[in-house]
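>>> 3D, please:
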Amino acid sequence: MTKNLLRTLVVGASVTVLSLLVGSEADAASFNFSKIADTSTLVTNGSGNFTDFGAPAIDGSNVAFRGKGSNGQDGIYISEGGTLKRIADRNSLGQSDNEFFTLTNPSIDRSDVAFSAYKAIRGGDSIYTNIGGKLNSFESAIFGSFAGPPSLDKGNVTYYFNAARREPRQEINSTLPGLSNVARSAPVVATPLPDGSGRFFSFGSFPSLNNGSIAFYGTGSNDRRGIYIREGETLKAVVENTNGIPNGIGNFSDFGNFSLNNGSVAFFATGANNQQGIYTNLSGRLSLVADTTINIPDGNGNFLRFDNPSLDNGNVAFSAIGSNGQQGIYTNLGGTLTKVIDLKDLLDGKSLSSLSVERESLSGNAIAFLANFTNGSRGIFRADLAKKPLAIPEPSLIFGVLAVATFGCTSFRRKSN
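All right, here's what the predicted structure looks like:
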């Protein structure tokens, strides 16, 4: 080997190492954006344009959302194969002019949708689905409230029920065969905590159903609180306030919104001294996705606040806020935490004022989200992963290559001398 050849190899290795170290920004994931509906879109089976939206849910190529129009128009819609369709609205649900009627954001499974509706005048909540192309009412709660939206999967739903109009009782229920009651709070015969140390006192109003598993937030005896999963006859804790915070200090103190997929959960959680972040329990191991010690991708400083994680196939998308009005949607699609979109970006040629996702906003390599613009318009959009980030080798490997090359050069010189 000649000196010139060896010198070329060493320089080449050094340049490669430098490129790997500084090239991550240029090789960040990129996304293609498309519009589902906005305030210039005509209300399907209605009149005029949409005026407002709720955060969307996505499954494959289908996107479902709540949309509003003028004169009290309010409905659930789906973009299926690029065609916008009405699932239901206040008129099709039999709402009369003297009733105040409220819909929740929908849950989606392929082309099926589930949502809750509340009639304030006559009372009573109902859960609706369009399974089989026909609108059906699964449940009616005259003496209680469903409070939050249901979760739909493979023709079944899970939902929160509060019987406060008759007695102070909360339940997590489902339409799964043999599992109509998932968990129940006091003062009736309350469901025991998984370790048998006490019983449940209350539940969050956003349970989630996926592949026969039901996840829910609950509080119990001795100030226990956590996220739990019911699978058939088995009830287990995903995470509780007795668990240590990954990459943090002390134990979790409480938990917020979460998303269930294939038996695993992505969740928002807090700890002492203003600790907060997005975490997962993939493969049964609690792991950090992002917290307030992590730099904002393509932003300034660290994350300050988080909301609404969405989990699919081991990947997570979430919305977050930073200092000085920073806000965006972020994901670890492709294995690296990256920005999907933030308020510095133009979308549809317009400046953004806010962005939001929800627990079913990630499906495969696509993220559905709600965008509000500085000119007062708003819309439902989807972001599709166009390019995955370049995998950066571990620093130990990079510097190992450089060390070998340097050692080879030194040895060659010694032999030459």
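
>>> and residue 319, bridged to which residues?
residue 307, residue 329 (DSSP bridges).

>>> Ignoring the adjacent residues along the chain, who's closest to the residue nearest the centre of the chain?
For the chain, the residue nearest the mean C-alpha position is residue 310 (1.7 Å; C-alpha atoms, centre = their mean). Closest residue in space to residue 310, ignoring its immediate chain neighbours: residue 362 at 4.0 Å, by C-beta to C-beta, 6 or more residues apart in numbering. Where C-beta positions appear, they are placed from N, C-alpha and C, glycine not excepted.

>>> Make sure that neighbour is actually in contact with residue 312.
Yes - at 4.5 Å, residue 362 and residue 312 qualify as touching, with contact defined as C-beta atoms under 8 Å.

>>> Neighbour count: those two, which is higher?
Shown here are residue 362 and residue 312; by other C-beta atoms under 10 Å, residue 362 has more neighbours (29 against 23).

>>> can you tell me how far that one sits from residue 211?
16 Å (C-beta to C-beta, to the nearest Å).

>>> distance of the residue lying closest to residue 306 once chain neighbours are set aside from residue 60?
Of all residues beyond its chain neighbours, the one nearest residue 306 is residue 320 (4.9 Å), with distances taken as C-beta to C-beta, 6+ apart. Distance, residue 320 to residue 60, using C-beta to C-beta: 26 Å.

>>> how about the CA coordinates for stretch 289-299, as CSV?
What follows is stretch 289-299, C-alpha atoms only, in CSV (Å, rounded to 0.1, in the frame of the first residue of the first chain):
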residue,chain,number,x,y,z
VAL,A,289,-40.2,9.4,23.6
ALA,A,290,-39.7,13.1,24.5
ASP,A,291,-39.6,15.2,27.6
THR,A,292,-38.7,18.7,28.7
THR,A,293,-34.9,17.9,28.6
ILE,A,294,-35.0,17.2,24.8
ASN,A,295,-34.3,19.8,22.2
ILE,A,296,-37.2,20.6,19.8
PRO,A,297,-36.4,19.2,16.3
ASP,A,298,-35.9,22.2,13.9
GLY,A,299,-36.8,24.5,16.8
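
>>> List the contacts of it.
25, 28, 247-248, 266, 274-280, 301-304, 306, 309, 316, 318, 320, 322, 326, 328, 330, 332, 337-339, 342, 344 (C-beta atoms under 8 Å, 6 or more residues apart in numbering).

>>> what about residue 320 and residue 60, which has more around it?
Applying other C-beta under 10 Å to residue 320 and residue 60 shows that residue 320 carries more neighbours, namely 27 against 13.

>>> so what's residue 48 up against?
42, 69, 70, 71, 73.

>>> Phi and psi next, for it.
phi 70, psi -170 (degrees, to the nearest 10).

>>> Show the pLDDT at it.
At residue 48, the model reports a pLDDT of 97.

>>> so who does residue 128 touch?
88, 93, 114, 115, 116, 117, 135, 136, 137, 138.

>>> Can you tell me which of the residues you listed has the most neighbours?
That'd be residue 114 among the contacts of residue 128, by other C-beta under 10 Å, with 31 neighbours.

>>> how close does it sit to residue 151?
From residue 114 to residue 151 the distance is 7 Å (C-beta to C-beta).

>>> got it, and residue 130?
15 Å.

>>> Counting neighbours, go ahead and name the busier of those two.
residue 151 (28 against 21).

>>> what bridges to that one?
residue 158.

>>> all strands of the stretch 251-400 of the chain, in order?
252-261, 264-271, 275-280, 287-291, 303-312, 315-322, 327-331, 338-342, 346-347, 350-356, 362-363, 366-373, 378-387 (DSSP state E, counting those that start in this stretch).

>>> want to throw these into a markdown table with mean pLDDT and distance to residue 106?
Shown next, in a markdown table, are these (pLDDT from 0 to 100; distance: least, C-beta to C-beta, whole Å):
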| stretch | mean pLDDT | distance to residue 106 |
| --- | --- | --- |
| strand 252-261 | 98 | 15 |
| strand 264-271 | 98 | 20 |
| strand 275-280 | 98 | 23 |
| strand 287-291 | 98 | 25 |
| strand 303-312 | 97 | 14 |
| strand 315-322 | 98 | 18 |
| strand 327-331 | 98 | 20 |
| strand 338-342 | 98 | 22 |
| strand 346-347 | 98 | 23 |
| strand 350-356 | 98 | 15 |
| strand 362-363 | 98 | 14 |
| strand 366-373 | 98 | 12 |
| strand 378-387 | 95 | 12 |
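
>>> wait, which of these is closest to residue 84?
strand 378-387 (9.9 Å; C-beta to C-beta).

>>> quick check: angle from the closest one to strand 366-373?
Here strand 378-387 runs at an angle of 140 degrees relative to strand 366-373 (axes from the mean of the first three to the mean of the last three C-alpha atoms, to 10 degrees).
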